[in-house]
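In: Here is my input, please return the structure:
(chains A and B)
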Amino acid sequence: MTHVAVFFVSKFLSTQIFALFHLTAWYNKSKLYIMRVLMFGWEFPPHNSGGLGTACFGLTRALAAKRIEIIFVLPKKVGVASSFMKMVFADTKRIKFHTIESTLKPYVTSEGYLRERDKTQTEIYGGTLLQEVHRYALRAREIAKKEKFDVIHAHDWLSFLAGIEAKRVSGKPLIVHMHATEFDRTGGQGVNQEVYQIERDGMNFADGIIAVSNFTKQKIVEHYGISPDKVQVVHNGIDECDYEDIPERFIELKHSGQKIVLFAGRITIQKGPEYFVRAAKRVLDVNPNVLFLVAGSGDMERQMMLEATYLGIGDHVLFVGFLRGQDLHAAYRAADLFVMPSVSEPFGLTPLEAIIAGAPVLVSKQSGVSEVLVHALKTDFWDVEDMANKILGVVSHKSLKDTLWGNSRKEVRQVNWDVAGQKCIDYYTKVICSCGPAPESRFI
Amino acid sequence: MASVCFYFQVHQPFRVKDYRVFDIGNDSEYFNDDSDRSINNKKILHKVAGKCYLPANAVLLELLNKHPEFKVSFSFSGVFLEQLEMFSPETLESFQKLVATGRVEVLEETYYHSLSFLYSPEEFRRQVALHRAKVQKLFGVTPTVFRNTELIYNNALAHEVEKMGYKGILAEGADHVLGWRSPNFLYRPQGTSKIKLLLKNYRLSDDIAFRFSSRDWAEFPLTAPKFADWVSQVNGGGNLVNLFMDYETFGEHQWEDTGIFNFLRHLPEEILRNPDNNFVTPSEAIALYEPVAELDVHHFMSWADVERDLSAWLSNPMQHDAIRSIYELEEQALKTEDARIIDDWRRLQTSDHFYYMCTKWFSDGDVHKYFNPYNTPYEAFIAYMNALQDLKLRILSHKPKEKNKISTTRKSAIHGKSISKIAQKKTGHVLKKKKLVPRGKSTVRK
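Out: Numbering: from 1, shown residues only, chains lettered A, B, ... in the order given. Have a look, this model is predicted:
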């Protein structure tokens, strides 16, 4: 009876859920936390690769500030210290870390995994990426058995099986967080069926799905046959405090009045580097005093270098390799325009970073971040002419650069993890109320 | 007596198409978008003519025939009239019919609906003269009352317009200027002797223009008797109710299904029900009433946005950059004596281009976004600056022999004074001298 009533409430009267939620929170006051989350996440900056670790960090910090306890489980290679993460949260008792020895890391491909694995020359890791993902899930199960928590939150497909195992042993609701789909990673070509299957199973087995944008939600609904009602959009955020005291570099590149247009990200099909290089060619046809910086590495790096040479613009396209931390921030700061021409970008944190560091941005319309940025130039990734036209607009008119950046700088302040964290908590509550055990035992 | 003075602004700019950097030097048609986007000038004109101009004109004609006391006034921008000639002659005819009744006054403005008064008084006078000629040609009347683009106004403008011989001028009845004073009287612009100032009663005007269909408004729904009652209340506290608004209020901003046309249809009889009310045109108001006081307006005001200032057109660096760039070309453009180049240069002065670049309220999704045919103000700026760059090239390549002359021109462009001197000399014979390059096949062009 109560079950039915609660289900009804959750579905139609979200305000009452809040009332229920606050009541329970008050009941739990003596424990000094609201709820406890078992989170399957990824390595934080500065040891991360790409935006997934940054997102996990931002969200975890925001949740901890809102009195959420987190049991954070992540893969770790043998011999790599994990002191940094513990150090970051040393002043709070709300975060507890569990590491599982594994070579899993975000964005890894089957081939990449094998290369990594062979380097380690140990026998403990799975023979293939998929075997490793399964092994990771079994280890996660052991942790889930021992710990107490209210909800499970798993980031990205590599941890979905772990989330599923944790739900099986604990009976607690599972929320999977879609930071990307297999369709984004592959640009829609050569989707790995096994990966797709894990994503789909994860979403089907989960009690709720968080998508990082409407763009991603759309993909989930279209390609995975998931009901839109089951997907909650929580846009990523950015915390300005992580971007202070950015050094000034690349000054010599700007001496002759040369303008800098920056690409930063993995040089993979998903990020659309070839459109960047082609747009560069069109820009340079009109204005040769522009330098295109490519910061990043990836399987298309060599191809892009060849393409630039082939187009006769090799001396105007500079490949500076993978940058992290202050080096990357300095590149943003030096840029007159940051370009993210992604073919399919679930969210895309780099434009927000670039804005905070001092550069206006041009983003593809095929991105989640374009949903939260009004003051950005936008283009279809394939429309190289339009992209070049807009790049030239910014490098030719300081007034455009100043207006665009000034307005976007103000706008980015509204896109923070505090907002995202609150949305997550509201969603946890909704999912717990609608599918968890009886109300009286709902919160541990 | 409460005299109701209706004034409708009718204007459509020549919107710049999605003109890309790669078009520079290859395409000198900046205004001929033929897509489905709302930068297609022909399409927009047809749409607004169908929704507003034609039905509203029909209602006004009916009212003028029915009530001999009913009067209104219009201000048509020259670029609007030009587009009527090009795209919708039947709409032009319906306006001509209204003016022919003798109870519809036509006001003066700058032909290009520009901000020229702020940047070049000489160019301002030239554009007023062009407008005068256009109105005379199309309507057979000569305006005697002036209103500047978007009711932009200050003391200096009133002085200038008085010198040009106009009897009256219109402005916004902005609170920050009026203070405790009422807009329901005529005023004398500070330091002038003859010209009279009519101020918009923005509360009553905006009740129709902005709030008519607003369900959040306590007075919703607005009916003709209710509005007539508000007008009657002015009796004893003023003698003039200036209802100034965009003509597009009728049918375009307030759609037909809001009942706006029925409201208009019944308003005159309701207002005239009170024998103390009547209708006047601006020049009749000027003949009928005397100014009650001098009004000192040092800073520019306008009827735009809540600020009632210039910030809709001139608040961010892009807008300042664009407008400075277009006026920097003044001397060189005029010097070409090429009618097409000069016309394009002037079309690019239309205030709407700068309005589209406004980022003031962009993220709130308010009127600026509603009235912006571009996806973003940044795209508006890029298209505009690209077109401007092409225009510059056309100007520079117009007389390639006189390279030395061009460099002296550049020098004088830096010193504002000499520009105006040279430009003043030019006034008058800009359009008649030498070979005029014919502009396409269009016969309606000046």
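
In: Run a quick neighbour tally on whatever residue of the stretch 201-350 of chain A ends up closest to chain B.
Out: Across the stretch 201-350 of chain A, the shortest distance to chain B (C-beta to the nearest C-beta) belongs to A:Val286, at 5.9 Å. (Each C-beta comes from the backbone N, C-alpha and C, glycine too.) Residues near A:Val286, counting by other C-beta atoms under 10 Å in any protein chain shown, number 16.

In: gap between whichever residue of the stretch 51-200 of chain A sits closest to chain B and A:Gln422?
Out: Nearest to chain B, among the residues of the stretch 51-200 of chain A, is A:Gly58, at 22.8 Å (C-beta to the nearest C-beta). Computed as C-beta to C-beta, to the nearest Å, the A:Gly58 to A:Gln422 distance reads 13 Å.

In: do the same with A:Val261
Out: 36 Å.

In: which of the two has more neighbours?
Out: A:Val261 (26 against 14).

In: And the more buried one, what's its pLDDT?
Out: Listed pLDDT for A:Val261 reads 98.

In: That one contacts A:Leu337, correct?
Out: Yes. A:Val261 is within contact range of A:Leu337, at 5.0 Å (criterion: C-beta atoms under 8 Å).

In: Can you pull the residues that touch both of those two?
Out: The contact sets of A:Val261 and A:Leu337 overlap at A:Ile391, A:Val395 (C-beta atoms under 8 Å, 6 or more residues apart in numbering or on different chains).

In: hang on, A:Ile226 in a helix?
Out: No. Counting by DSSP: H, G, I helix; E, B strand; the rest coil, A:Ile226 is not found in a helix; it is coil.

In: quick revisit: and the residue of the stretch 51-200 of chain A closest to chain B, what element?
Out: helix A:51-65 (DSSP states H and E).

In: How about the contacts made by the residue of the stretch 51-200 of chain A closest to chain B?
Out: A:Asn236, A:Gly237, A:Ile238, A:Asp239, A:Trp417, A:Ala420 are the contacts of A:Gly58 under C-beta under 8 Å, 6+ apart.

In: Around chain A, which positions in chain B sit nearby?
Out: With C-beta under 8 Å from any C-beta of the partner chain as the criterion, chain B comes near chain A at residues B:20-22, B:316-318, B:320-322, B:359, B:362-363, B:375-379, B:381-382, B:385-386.

In: before we move on, the earlier item: show me what counts as buried in the helix holding A:Gly58.
Out: A:51-64 (16 or more other C-beta atoms under 10 Å in any protein chain shown).

In: Near chain B, which residues of the stretch 251-400 of chain A? Just list them.
Out: Going by C-beta under 8 Å from any C-beta, the residues of the stretch 251-400 of chain A near chain B are A:282, A:286, A:374-375, A:377-378, A:385-386, A:388-390, A:392-393, A:396-400.

In: Quick check on those: which are buried?
Out: For these, buried by 16+ other C-beta under 10 Å: A:282, A:286, A:374-375, A:377-378, A:386, A:388-390, A:392-393, A:396-397, A:399-400.

In: If we ignore the residues flanking it in sequence, what's nearest the spatially most central residue of chain A?
Out: Nearest to the mean C-alpha position of chain A, counting by C-alpha atoms, centre = their mean, stands A:Leu52 at 3.9 Å. Nearest residue to A:Leu52, sequence neighbours excluded (C-beta to C-beta, 6 or more residues apart in numbering or on different chains): A:Pro106, at 4.1 Å.

In: That neighbour: how many residues sit nearby?
Out: 22.

In: Return the nearest residue of the stretch 151-300 of chain B with respect to chain A.
Out: B:Phe300 (21.1 Å).

In: So that residue sits against B:Tyr153, correct?
Out: Yes. Between B:Phe300 and B:Tyr153 there is a contact under C-beta under 8 Å: 7.0 Å.

In: So for these two, which sits in the more crowded spot?
Out: Set side by side, B:Phe300 and B:Tyr153 show more neighbours around B:Tyr153, with 30 against 19, by other C-beta under 10 Å.

In: That one bridge partners, please.
Out: Beta bridges link B:Tyr153 to B:Met301, judged by DSSP bridges.

In: okay, the buried residues of helix A:51-65 in CSV with pLDDT next?
Out: Shown next, in CSV, are the buried residues of helix A:51-65 (pLDDT from 0 to 100):
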residue, pLDDT
A:Gly51, 76
A:Leu52, 85
A:Gly53, 85
A:Thr54, 86
A:Ala55, 90
A:Cys56, 91
A:Phe57, 90
A:Gly58, 91
A:Leu59, 94
A:Thr60, 92
A:Arg61, 90
A:Ala62, 93
A:Leu63, 93
A:Ala64, 89
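
In: And the furthest pair within those residues?
Out: Maximum pairwise distance among these (C-beta to C-beta): 20.0 Å, between A:Gly51 and A:Ala64.

In: Quick one: low-confidence residue ranges for the stretch 301-446 of chain B.
Out: B:361-370, B:399-446 (pLDDT under 70).

In: in chain A, which helix or strand is least confident?
Out: One helix or strand of chain A scores below all others by mean pLDDT, DSSP states H and E: helix A:2-12, with a mean of 44.

In: who touches the helix or strand hosting B:Gln83?
Out: Secondary structure assignment for B:Gln83, by DSSP H and E: helix B:78-87. Residues outside helix B:78-87 that contact it (C-beta under 8 Å, 6+ apart): B:10-14, B:41-42, B:45-46, B:91-92, B:95, B:110-113, B:127, B:130-131, B:134-135, B:138, B:347, B:350, B:442, B:444-446.
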